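Peer 1: pasting the structure only:
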């Protein structure tokens, strides 16, 4: 199966949704003003582990990290790896910065804005892991092109992940699950779905924590699904 063309403007050049919510508390604003400039992803140029952390190391990339608890957990678990988290929502960035400060995480870099803009600047094959946890499902059919799991972005994911690298996706929306499985099947030459038994996609695994959003889904009667794909060589 031939991969779809990366760079499709309908799927690669748009950032949807609001950028801020309630007013930041004083301590949160101080983190935005002081800590964020120290660990912010550069606005231009190549995004590599060597540039960000001064040495070559496995690089992880999270799209839309929410409040950053997964990003912080993984960075704390793997101190010899580098982590890039992207989130347009200012309040989420502020909470993530508190995680970075409280857990003393020198291996995290943050971008407040469009993840795909940064991802395009990662060298091909530069990522070991790519995470997309509970993205906006855009449930209406006419909005399907806004979903992050689409042919254009998935081609980009494949380009940036090294052979053997892993793409992890979580969703609690059945429509988004079906859509994602359909899109990923079209990219079976690039990705291998790692699920062998139902438990493999019904429970988080492989050092993958359940986020607060995932726990909330369960409390409200929705089931999160956890999809893991390996980049083929």
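Peer 2: Sure thing, it's come through. Nothing here was measured: the structure is a model prediction, and the numbers come from that model.

Peer 1: Which stretches in this protein count as strands?
Peer 2: Listed in chain order, the strands of the chain (DSSP state E) span 59-63, 82-86, 108-111, 127-133, 161-171, 191-193, 225-231.

Peer 1: what does the fourth one contact?
Peer 2: Residues external to strand 127-133 that are found in contact with it (CB atoms under 8 Å, 6 or more residues apart in numbering): 58-66, 70, 74, 81, 148-149, 157, 160-162, 165-170, 211, 213-214. To be clear about C-beta, it is placed using only N, CA and C from the backbone, and glycine gets the same treatment.

Peer 1: related to what we said a few turns ago, what would the strands of the chain look like in JSON lines with distance to residue 200 and mean neighbour count?
Peer 2: Shown next, in JSON lines, are the strands of the chain (distance: least, CB to CB, whole Å; neighbours: other CB atoms under 10 Å):
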{"stretch": "strand 59-63", "distance to residue 200": "21", "mean neighbour count": "25"}
{"stretch": "strand 82-86", "distance to residue 200": "24", "mean neighbour count": "26"}
{"stretch": "strand 108-111", "distance to residue 200": "28", "mean neighbour count": "24"}
{"stretch": "strand 127-133", "distance to residue 200": "17", "mean neighbour count": "23"}
{"stretch": "strand 161-171", "distance to residue 200": "12", "mean neighbour count": "21"}
{"stretch": "strand 191-193", "distance to residue 200": "9", "mean neighbour count": "17"}
{"stretch": "strand 225-231", "distance to residue 200": "7", "mean neighbour count": "21"}
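
Peer 1: Run through the protein and note the low-pLDDT ranges.
Peer 2: Scanning the chain for pLDDT under 70 picks out 1-21.

Peer 1: can you name the farthest residue from the center of this protein?
Peer 2: residue 26 (27.8 Å; CA atoms, centre = their mean).

Peer 1: Quick check: it vs residue 33, distance?
Peer 2: Distance, residue 26 to residue 33, using CB to CB, to the nearest Å: 10 Å.
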